[in-house]
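Student: I would like the atomic coordinates for the input below:
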Amino acid sequence: GVSSSSALNEGWIHFLLKTFGCNQKILPELIAQLAYEVEVVEHNSPGGKMDQYTIALGNTIFLETGTNTSFQNLGNTLDGLILAESGIGKETISTLKNTREFAEKAIKKVKDFDSTFEIQTARFSDISKYSSVLDDELLPYFEAAIENHQITLQALSEWQQANPNPKVLGELMTSHHHILKEKLYVSH
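Tutor: Numbering: from 1, shown residues only. Presented below is the predicted three-dimensional model:
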């Protein structure tokens, strides 16, 4: 999807805050956090914070989704982006739930083996370093977590350039999609 349900939720939250008032200043960050709490925390949904914060804040952002959520507005824009709809349906909630649960299990298993392992500092070399610890079911989720994190860091570096190269960003997006399609089987 393209996060249309999150966009609708945020519009509704903003409307409610404006209509009934709020005991704090209504900022995009507040709307994003409330939308996250409604969609993920309240409904015990497996999603993250990316959709809510990207929609509420606008622009291109780098979002740190750990315990202390923070974001960086990257300020750059692309001249264009083509979004294609496959027309093939999927069950988003169960797909997200399974992907997240398997990734968390894989990371926990590696941390049980090596308590110094942290996904935030993982490198590509950690995949081969810890592959023997994981069974065939969990290994692709561990690989995907590390590879996607590295892709995100590479994209952040490119976005921070004075003139981000759309070809490089496109290649990183293609790499990410390859992981979704070929390793996690959650895309077409």
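Student: Quick one: neighbours of the nearest residue to residue 159 once chain neighbours are set aside, just the number.
Tutor: Closest residue to residue 159 apart from its sequence neighbours, by CB to CB, 6 or more residues apart in numbering: residue 74 at 4.4 Å. In this view, the C-beta of every residue, glycine as well, is placed from N, C-alpha and C. Neighbour count of residue 74, defined by other CB atoms under 10 Å: 16.
Student: what about the nearest residue in space to residue 48 that is not next to it in sequence, distance to residue 123?
Tutor: Leaving out its chain neighbours, the residue that sits closest to residue 48 by CB to CB, 6+ apart is residue 65, at 5.7 Å. Per CB to CB, to the nearest Å, residue 65 is found 20 Å from residue 123.
Student: Pull up the per-residue confidence for the closest residue to residue 183 other than its chain neighbours.
Tutor: Excluding the flanking residues, the one nearest residue 183 by CB to CB, 6+ apart is residue 140, at 4.4 Å. pLDDT for residue 140: 93.
Student: hmm, back to that, okay, residue 65 and residue 123: which has more neighbours?
Tutor: Taking other CB under 10 Å, residue 65 and residue 123 do not tie; residue 65 has more neighbours (13 against 10).
Student: Thank you, goodbye.
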